[in-house]
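Enquirer: here is the input, now give the coordinates:
(2 chains, ligands or ions: 1)
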Amino acid sequence: MNPNLPNSLRTGPDERGHFGIFGGRFVAETLMPLILDLEKAYADAKADPAFQAEMNGYLKNYVGRPSPLYLAERLTEHLGGAKIYFKREELNHTGSHKVNNVLGQIMVARRMGKKRIIAETGAGQHGVATATLCARFGLECVVYMGAVDVERQQPNVIRMEMLGAKVVPVQSGSRTLKDAMNDALRDWVTNVHNTFYCIGTVAGPHPYPMMVRDFQSVIGDETRKQMQEAEGRLPDSLIACIGGGSNAMGLFHPFLDDPSVEIFGVEAAGHGLTQLHAASIAGGRAGVLHGNRTYLLMDDDGQIQDAHSISAGLDYPGIGPEHSWLHETGRVAYLSATDDEALAAFQLLSRLEGIIPALEPAHAIAKVMELAPKRPKDHLMVVNLSGRGDKDVPQVGDILKGKKK
Amino acid sequence: MTTRIDARFAELAKQGRSAFVTFLMAGDPDPKTSLDIIKALPKAGADIIEIGMPFTDPMADGPSIQAAGLRALKAGMTLKKTLEMVRGFRKDDDATPLVLMGYYNPIYIYGVDKFLADAKAAGVDGLIIVDLPPEEDTELCLPAMKAGLNFIRLATPTTDDKRLPAVLANTSGFVYYVSITGITGAATADSTVVGDAVARIKRHTKLPVCVGFGIRTPQAARAIAGKADGAVVGTALVDALRDSLDTTGQATTKTVAAVADLVASLAQGVRGAKQAAE
Ligand SMILES: Cc1ncc(COP(=O)(O)O)c(C=O)c1O
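Expert: Numbers count the residues shown, from 1 in each chain, chains lettered A, B, ... in the order given. Just a heads-up that it's a prediction; the model follows:
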């Protein structure tokens, strides 16, 4: 590891929202005053014990936390190496980790008196979580979703509409997550007086990457405690998939200062890293988009390239700025899994453990299949099972029948 | 240091009228036609020319300017070619101020210092970068000032009196007041409200204040020009350009004239303003 690391890796970002050179606030002036208001509102909420207590109440009784830490015995046996635990975020209400963050942001929005909530979504999990909490708190909800994703994640579109949200199919650009975020930002600039933008991952202008990470850190905090109870010690390795990186950051952050814990993020390699993919660390470099400096897929002219992944939730040409920093410091190793590897892991997990994972965490499982056999039997490996596969059943069903692909 | 922008505003002040500022996308619909259009603008009545630097993800732009950027990129436009275009324009015109407008990433990737040197040498006078608020001044604004380029900041309806000094601090050339909260080409601006906003900004700065977003017609241009030091028109010009293209999106013999004619009639509107007020 890099010998020039600071004493703690958990103190970022600085007051300007920087993790090393990454992060920042690259937004239009129209949004800047609101972003400064949000920063202040979030700092106040964070320091307010009543806010924390109220959030913990909802996390327990509405979301259903803590999520279990489950020993995947048959997968462990099958791979013949490390002891594999699943952090069962797919058991949360709405079916993924996204709800942890949305709950926090909606509570901040309420403190700020905002009555209209907008969100971008890729797989639809963040959209569903946002629609759910807007229904719960009686707020107007508009979700931007790329037209390609509307098509491949139909079950979630139907869910959002049932929950009373308006889903806007985005036709610009590659018609996936990046474009949904562009249109959400355009809505925000237009309706800045009454609208709160609930960003679904650890990206965007400061304070979003920090705030979303804080709300997701419940994953790692629980894991730490649960592993202590189960095995009496820290895990040896952590693995999570990365779209923008929120489920990963939530699991990783509480362990960043524990050097004995190896940490792996898994990007989507799509058709392969030499072809169309969504692995911004493996195939990108530092640039500025969507309010922050971070690793991005782009051409020599600084034009953003279209990403590709079988998984709508990972189909994004960027990554949260804190991940870019953790990559450059060497603290986290970023790997990637292809569409085919993820599909294979999806099927293996369904058959071996009776858990149909979302295609996103199937990418993490794919790397578990590679790493676990090389580790000793007393190695404790935790993988974030960030979501369940219900939304992917029609798509994967079609692919397996050979209809698509 | 006075730039072409300062000189132009001084000249207009003597004439007692406001500036007409045009926006078009570099390379739309193709590099050659785009240069022909830009060259035709001063004669048609443009006092200051803003040239968009195409970007794949223009988060503050509406559908018209998004499409213009994509047409340009499809025709092979790059930041380097945008600077070439500026050089082409400067061969025949050393007086009309040229301002590049766009997003930070292509500049960041080009390399800030190299970009500033090349832009200055090409004959660029100022920059408007939508996603660089004062909080990020060390990125490009301060280096641009040092390189002798004006960094023109956007002020918006959400920029309150408390924040205005920070927004104006490192601004030079002129202040660009965005008349609506929204993206380009969306709502139309109410000239009374705009007048109040311009007066508010002028309490904080001696710089000229130009107003843009939502101005489409000679009447609207006149109304705004009567309240501000300049009126900026973008989407309406980009739409006129688009409407002149053939079904495959290629330029036709009408393209240059379509834009120039609209510029001429908008310029009439602007020129009518202060005369009417006098
Ligand atoms: C189940 C699941 N996991 C992971 C992701 C990727 O997002 P992030 O990297 O922010 O966790 C998504 C996004 O839609 C998701 O639905």
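
Enquirer: please report phi then psi for residue A:381.
Expert: Dihedral angles of residue A:381 (phi, psi; degrees, to the nearest 10) stand at phi -110, psi 130.

Enquirer: now for residue 48, how many residues are close by?
Expert: With no chain named, the answer covers chain A. 12 (other C-beta atoms under 10 Å in any protein chain shown). All C-beta spots, glycine's among them, are computed from the backbone N, C-alpha and C.

Enquirer: other chain: chain B
Expert: Using other C-beta under 10 Å: residue B:48 sits among 28 other residues.

Enquirer: so who does it touch?
Expert: Residues in contact with residue B:48 (C-beta atoms under 8 Å, 6 or more residues apart in numbering or on different chains) are B:5, B:8, B:19-22, B:96-97, B:99, B:210, B:230.

Enquirer: just these: which are in helices?
Expert: The helices, defined by DSSP state H, take in B:5, B:8 from these.

Enquirer: which of the contacts of residue B:48 lies closest to residue A:191?
Expert: When the contacts of residue B:48 are ranked by distance to residue A:191 (C-beta to C-beta), residue B:210 comes first, at 25.0 Å.

Enquirer: contacting residues for the closest one?
Expert: B:19, B:21, B:48, B:174-177, B:228-232.

Enquirer: what residues does chain A have near chain B?
Expert: For chain A, the residues in contact with chain B (C-beta under 8 Å from any C-beta of the partner chain) are A:16, A:24-34, A:172-173, A:178, A:182, A:185-186, A:189-193, A:287-291, A:296, A:298, A:300-304.

Enquirer: select only the buried ones of the contacts of residue B:48 in ChimeraX?
Expert: Of the contacts of residue B:48, the buried ones go into a single ChimeraX selection, burial set by 16 or more other C-beta atoms under 10 Å in any protein chain shown:
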select /B:5,8,19,20,21,22,96,97,99,210,230
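
Enquirer: returning to that earlier point: and the contacts of residue B:210, which of them are in strands?
Expert: Mapping the contacts of residue B:210 onto strands (DSSP state E) picks out B:19, B:21, B:48, B:175-177, B:230-232.

Enquirer: and the two most separated of those residues?
Expert: So for the ones in strands among the contacts of residue B:210, where distance means C-beta to C-beta, the most widely separated pair is B:48 and B:177, at 14.6 Å.

Enquirer: on the three-state scheme, the residue nearest the centre of chain B is what?
Expert: With distances taken as C-alpha atoms, centre = their mean, the residue of chain B nearest its centroid is residue B:50 (3.3 Å). Of the three states, residue B:50 takes strand according to DSSP: H, G, I helix; E, B strand; the rest coil.

Enquirer: contacts only, for it.
Expert: B:21-24, B:98-101, B:128, B:232, B:234.

Enquirer: what strand or helix carries residue B:223?
Expert: helix B:218-225 (DSSP states H and E).

Enquirer: list the strands paired with the helix or strand where residue A:144 lies, with their directions.
Expert: Under the criterion of DSSP H and E, residue A:144 resides in strand A:140-146. If you go by DSSP bridges, strand A:140-146 pairs up with strand A:116-121 (parallel), strand A:166-170 (parallel).

Enquirer: from the chain's centroid, how far away is the next helix-or-strand element following the first one?
Expert: What it means is strand A:116-121. Under the assignment DSSP H and E, the closest C-terminal helix or strand after strand A:116-121 is helix A:125-137. How far helix A:125-137 lies from its chain's middle: 16 Å, per C-alpha atoms, centre = their mean, to the nearest Å.

Enquirer: tell me what helix A:125-137 is packed against?
Expert: Helices and strands touching helix A:125-137, by 3 or more C-beta pairs under 8 Å, 6 or more residues apart in numbering or on different chains; DSSP states H and E, are helix A:98-111, strand A:116-121, strand A:140-146, helix A:154-162.

Enquirer: for residue B:76, find the nearest of those.
Expert: Evaluated with C-beta to C-beta, the helices and strands packed on helix A:125-137 place strand A:140-146 nearest to residue B:76, the distance being 26.0 Å.

Enquirer: low-confidence stretches in chain B?
Expert: Counting by pLDDT under 70, the low-confidence segments of chain B come to B:1, B:274-278.

Enquirer: from the ones in strands among the contacts of residue B:210, pick the one nearest residue B:195.
Expert: Distances from residue B:195 to the ones in strands among the contacts of residue B:210, taken by C-beta to C-beta, are shortest for residue B:177, at 10.8 Å.

Enquirer: so that closest one touches residue B:228, yeah?
Expert: Yes. Counting by C-beta atoms under 8 Å, residue B:177 touches residue B:228, with 7.1 Å between them.

Enquirer: shared neighbours of those two, anything?
Expert: Going by C-beta under 8 Å, 6+ apart, residues that sit against residue B:177 and also against residue B:228 are B:194, B:198, B:209-211.

Enquirer: inside strands: which ones of the residues you listed?
Expert: Among the shared contacts of residue B:177 and residue B:228, the members found in strands (DSSP E) are B:209-211.

Enquirer: report the contact partners of the residue of the stretch 1-150 of chain B found nearest the ligand.
Expert: For the stretch 1-150 of chain B and the ligand, the shortest gap (C-beta to the nearest ligand atom) falls at residue B:57, measuring 18.9 Å. Counting by C-beta under 8 Å, 6+ apart, residue B:57 makes contact with A:173, A:178, A:182, A:289-290, A:304, B:103.

Enquirer: filter those down to the ones in strands?
Expert: Among the contacts of residue B:57, the residues falling in strands (DSSP E) are residue A:289.

Enquirer: ok, the contacts of residue B:57 vs residue A:111, which is closest?
Expert: residue A:290 (24.5 Å).

Enquirer: does that closest one really touch residue A:184, like I thought?
Expert: No. Residue A:290 lies out of contact with residue A:184 (C-beta under 8 Å); the separation is 9.6 Å.

Enquirer: which among the contacts of residue B:48 are in contact with the ligand?
Expert: When the contacts of residue B:48 are filtered against the ligand using C-beta under 6 Å from any ligand atom, no residues are retained.

Enquirer: as CSV, the contacts of residue B:48 with distance to residue A:268 would be great.
Expert: CSV is the format used below for the contacts of residue B:48 (distance: C-beta to C-beta, whole Å):
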residue, distance to residue A:268
B:5, 46
B:8, 51
B:19, 49
B:20, 49
B:21, 44
B:22, 43
B:96, 48
B:97, 46
B:99, 40
B:210, 45
B:230, 47
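
Enquirer: which one of the contacts of residue B:48 is nearest residue A:247?
Expert: After measuring the contacts of residue B:48 against residue A:247 - C-beta to C-beta - the closest member comes out as residue B:99, at 43.3 Å.
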